[in-house]
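Visitor: Sequence and computational prediction follow.
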Amino acid sequence: MYELKTKETDNSVIEFIENVKSLKKREDAYRLLDIFTETTGYIAKMWGPSIIGFGAYHYKYASGHEGDAPLVGFSPRKAKISLYFATGETKREELLKDFGKHTTGKACVYINKVADINVDVLQELINQSVIFLNGTYPNNHN
């Protein structure tokens with residue numbers, strides 16, 4: 001059976017951020033930690049070795065695949081900072097128009113630095129994702 005790699009761990013978020021090599025990325029990680037914490041009201045937790053997640057939900061697909069994931073999160077990766085929001089949330093594309101300099105992947109939004117983006121729009125993206133996932137998966141275990 002498929003084993004989910006990204007699970008909530010007891011690893012220290014602060015220790016993880018302190019080990020980010022780039023000083024600028026480390027500073028941005030602390031800024032994002034503040035923004036995500038203030039916006040969601042959730043305590044940051046490490047998910048897998050490198051994702052800082054906030055809240056949690058349990059999903060189950062029609063295929064039978066199920067698991068747990070953070071409602072929102074980010075990861076200060078070497079090349080870019082990955083931001084994790086709900087996929088399938090229709091307002092995301094609309095909000096991203098005013099977000100600032102970014103690129104998108106299937107599930108992630110990538111930024112170079114916090115200074116490139118509109119923090120108010122980031123907070124809206126975070127809120128939309130939490131609302132969408134709580135509505136889609138109402139039996140969350142936040």
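Guide: Good, I have the coordinates.
Visitor: Count the neighbours of Phe99 for me.
Guide: By the criterion of other CB atoms under 10 Å, Phe99 has 21 neighbours. The way it works is simple: take the backbone N, C-alpha and C, and place the C-beta from them, glycine included.
Visitor: Check the contact between it and Ile117; I expect there is one.
Guide: Yes: applying CB atoms under 8 Å, one finds Phe99 in contact with Ile117, separated by 5.6 Å.
Visitor: Show me where this structure has its strands.
Guide: Under the criterion DSSP state E, the chain carries strands at the ranges 44-47, 51-54, 57-60, 66-69, 72-76, 81-84, 103-104, 108-111.
Visitor: Quick one: the helices in this protein, in order.
Guide: 13-18, 23-40, 91-96, 119-136 (DSSP state H).
Visitor: which residue packs closest to the residue most central in space within the chain, ignoring adjacent ones?
Guide: Nearest to the mean C-alpha position of the chain, counting by CA atoms, centre = their mean, stands Gly73 at 1.7 Å. Nearest non-adjacent residue to Gly73, counting by CB to CB, 6 or more residues apart in numbering: Gly53, 3.7 Å away.
Visitor: repeat for Lys113
Guide: Spatial nearest neighbour of Lys113, chain neighbours left out: Asp28 (5.6 Å); criterion: CB to CB, 6+ apart.
Visitor: Pull up the pairing partners for the helix or strand of the chain with the lowest mean pLDDT, direction included.
Guide: Across the helices and strands of the chain, mean confidence by mean pLDDT, DSSP states H and E is lowest for strand 57-60: a mean of 86. In the sheet, strand 57-60 lines up against strand 66-69 (antiparallel) (DSSP bridges).
Visitor: any idea of the mean pLDDT for stretch 65-77?
Guide: For stretch 65-77, mean pLDDT rounds to 92.
Visitor: got the buried residues for that stretch?
Guide: Using 16 or more other CB atoms under 10 Å as the test for burial, stretch 65-77 gives 68-76.
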